[in-house]
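Enquirer: let me see the structure of the following:
(one chain, ligands or ions: 1)
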Amino acid sequence: MIQLKQAAKVYELEAGSFTALKETDLHIAKGEFVAIMGPSGSGKSTLLQLLGGLDLPTRGSIAIDGVELSGLSEKERTLFRRTKVGFVFQNYQLLPMMTVAENIALSLAANKTPKSEIDVTVSRLIREVNLDGKAASFPSQLSGGQQQRVAIARALAMKPSLILADEPTGNLDRKNGQDVLQLLSRLNKEEGMTVVMVTHDRDAAQTADRIITMVDGEVAKEREGAGAR
Ligand SMILES: Nc1ncnc2c1ncn2[C@@H]1O[C@H](COP(=O)(O)OP(=O)(O)OP(=O)(O)O)[C@@H](O)[C@H]1O
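Expert: So this is what the prediction gives:
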């Protein structure tokens with residue numbers, strides 16, 4: 001599914017260059033659930049951005065489903081991202097002036113999906129993330145856990161094969177965090193989605209099949225998570 005070969009990310013700054021990710025080889029199989037842990041600044045978000053084609057490596061290569069991302073034009077990469085990858089962020093990133101249904105429908109509308117099809121898909125997704133009755137609510141009227149479930153529904157709208165989540169439970173209390181983890185785990189186990197999640201929370205990481213620990217821009221440790229058992 002995802003193959004990094006000697007992929008590195010170097011930022012050029014006025015003070016000199018800074019290596020956020022050292023040459024990394026990494027393979028993530030289709031249907032795998034991987035957690036990425038590590039201290040602040042260790043390169044977790046940098047790695048996640050490369051995995052989703054939000055950014056390109058300065059050296060080395062990254063391929064998703066055999067497609068070499070550096071070989072795509074900016075436009076092709078945007079289309080690739082929009083159809084293959086669902087992103088979930090710590091702060092949800094919902095549009096405050098739009099309802100739950102409108103937020104979920106955004107990428108479908110951008111892709112010129114017919115209105116009747118959008119309505120059916122949005123209803124199905126609202127049910128799937130357990131937000132029945134909230135279609136017309138605005139994000140500010142929802143709890144953090146509910147907002148994150150809207151963000152997950154939005155990420156699922158284009159039927160991506162890969163979900164990338166950056167600290168999806170970071171702003172949530174235990175119960176809401178567990179609901180979000182259960183949802184990600186179900187999408188992974190029952191719908192075969194590949195999930196890569198950055199987290200600071202050891203318990204959350206245990207949801208995964210494999211836990212990767214980054215230190216100073218490199219993969220320092222890999223171990224099995226409870227999800228694999
Ligand atoms: N656009 C950028 N320009 C310059 N340096 C950057 C840029 N993005 C990230 N960095 C640096 O790269 C390093 C890794 O950042 P990254 O966000 O990947 O870390 P992280 O492990 O996700 O940290 P956190 O847990 O705090 O989110 C940091 O030292 C950061 O300052």
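Enquirer: you'd agree Thr213 is in a helix?
Expert: No. Thr213: not assigned to a helix; according to DSSP: H, G, I helix; E, B strand; the rest coil it is strand.
Enquirer: which residues touch it?
Expert: 36-38, 219-223 (CB atoms under 8 Å, 6 or more residues apart in numbering). From N, CA and C alone the C-beta is placed, and that goes for glycine too.
Enquirer: any idea how far it is from the ligand?
Expert: The gap separating Thr213 from the ligand is 11 Å, by CB to the nearest ligand atom, to the nearest Å.
Enquirer: leaving out chain neighbours, which residue sits closest to that residue?
Expert: Lys221 (4.2 Å; CB to CB, 6 or more residues apart in numbering).
Enquirer: and that neighbour, backbone torsions?
Expert: Backbone torsions of Lys221, given as degrees, to the nearest 10, read phi -160, psi 150.
Enquirer: give me the pLDDT for the spatially most central residue of the chain.
Expert: Among the residues of the chain, the one closest to the centroid is Leu164, at 1.5 Å (CA atoms, centre = their mean). Listed pLDDT for Leu164 reads 96.
Enquirer: and what about it, helix, strand or coil?
Expert: Reduced to three states by three-state DSSP, Leu164 is strand.
Enquirer: show me what contacts the residue nearest to it when sequence neighbours are not counted?
Expert: Excluding its sequence neighbours, the residue lying closest to Leu164 (CB to CB, 6+ apart) is Gly52, at 4.7 Å. Listed by CB under 8 Å, 6+ apart, the contact partners of Gly52 are 81, 85, 87, 162, 164.
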